[in-house]
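Trainee: need the 3D shape of this:
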Amino acid sequence: MSMNPLIDSLMLKMRHNRVYTAVTFARLFGVSEKTVEAALATLIDAGKVRTWANARRDVGYCLTGTTPMSSSTVLSEATTVATPRLIRRVDGPLTGYDRELDAHRSLAMLVRR
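Mentor: Numbers count the residues shown, from 1 in each chain. Below is the predicted model of the structure:
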């Protein structure tokens, strides 16, 4: 363990496969963001933590030896082939919603009782 209690607390809070920001730790520990960044720089120099940039180019920190899944990677894997745009036009009055509105009204009355 190190002599700095903030560094010890950071190592206890960090989990594998998660990315943290300095702002998150600053709020959690009630210290300034610069203090947290200095402690994280010490951990980076020691080889225990590394930086991680997300799609918005925010700098995050994760434990060394982990590769966190970013949301942009998950989104790109779920993307399908593009299709032509579908344009819906509603020119007349809407019909067929009476039954659905009655069901919502009756459910609201049941909850109200």
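Trainee: residues contacting Ala39?
Mentor: Asn4, Leu6, Ile7, Leu10 (C-beta atoms under 8 Å, 6 or more residues apart in numbering). For the C-beta atoms, the positions are set from N, CA and C on the backbone; glycine is no exception.
Trainee: same check, this time on Trp52
Mentor: For Trp52, the contact set (C-beta under 8 Å, 6+ apart) comprises Val19, Val59, Gly60, Tyr61, Cys62, Pro68.
Trainee: doesn't the fourth one lie inside a strand?
Mentor: I take that to be Tyr61. Yes. Membership of Tyr61 in a strand is supported by DSSP: H, G, I helix; E, B strand; the rest coil.
Trainee: neighbours of it, how many?
Mentor: Tyr61 has 23 neighbouring residues, counting by other C-beta atoms under 10 Å.
Trainee: where do the strands of this structure begin and end?
Mentor: For the chain, the strands defined by DSSP state E occupy 49-53, 59-63.
Trainee: tell me the angle of the first one relative to strand 59-63?
Mentor: It stands for strand 49-53. Interaxial angle, strand 49-53 versus strand 59-63 (axes from the mean of the first three to the mean of the last three C-alpha atoms, to 10 degrees): 140 degrees.
Trainee: centre of the chain versus strand 49-53, how much separation?
Mentor: Centre-to-centre, strand 49-53 and its host chain are 16 Å apart (C-alpha atoms, centre = their mean, to the nearest Å).
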